[in-house]
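1. predicted model and sequence below, questions to follow.
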Amino acid sequence: MARQGREVVREEMQKDGRIRRWIYIKEVDRYLRVVFMQDGETVHNAFFDRNFKKEVGK
């Protein structure tokens, strides 16, 4: 998933088994939240997360 200019900065497992990943998109200076199905490859949803703040030291 990570490409040049894109960095996965956080990953969480939801209770339903879906996987959330926040990816920094350098070109727009924003964080994209991508929700994957349980297989870790199929994208369920993706949107810019206006409230995401990268945790310092992580």
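-> Happy to help now that I have it.

2. tell me how far R18 lies from D49.
-> Distance from R18 to D49, counting by CB to CB, to the nearest Å: 15 Å. No exception for glycine: its C-beta is placed from N, CA and C like everyone else's.

3. okay, which residue is most central for this structure?
-> Nearest to the geometric centre of the chain sits W22, at 2.1 Å (CA atoms, centre = their mean).

4. which strand residues bridge that one?
-> Following DSSP bridges, W22 is listed with bridge partners R10, R33.

5. any idea how far E41 is from it?
-> 17 Å.

6. now Y24
-> According to CB to CB, Y24 stands 20 Å off from E41.

7. let's test this: mean pLDDT of the helix or strand where E12 lies, rounded?
-> In this assignment (DSSP states H and E), E12 forms part of strand 6-13. Average pLDDT, strand 6-13: 90.

8. how about the contacts made by V34?
-> M1, R20, R21, W22, I23, V43, N45, A46 (CB atoms under 8 Å, 6 or more residues apart in numbering).
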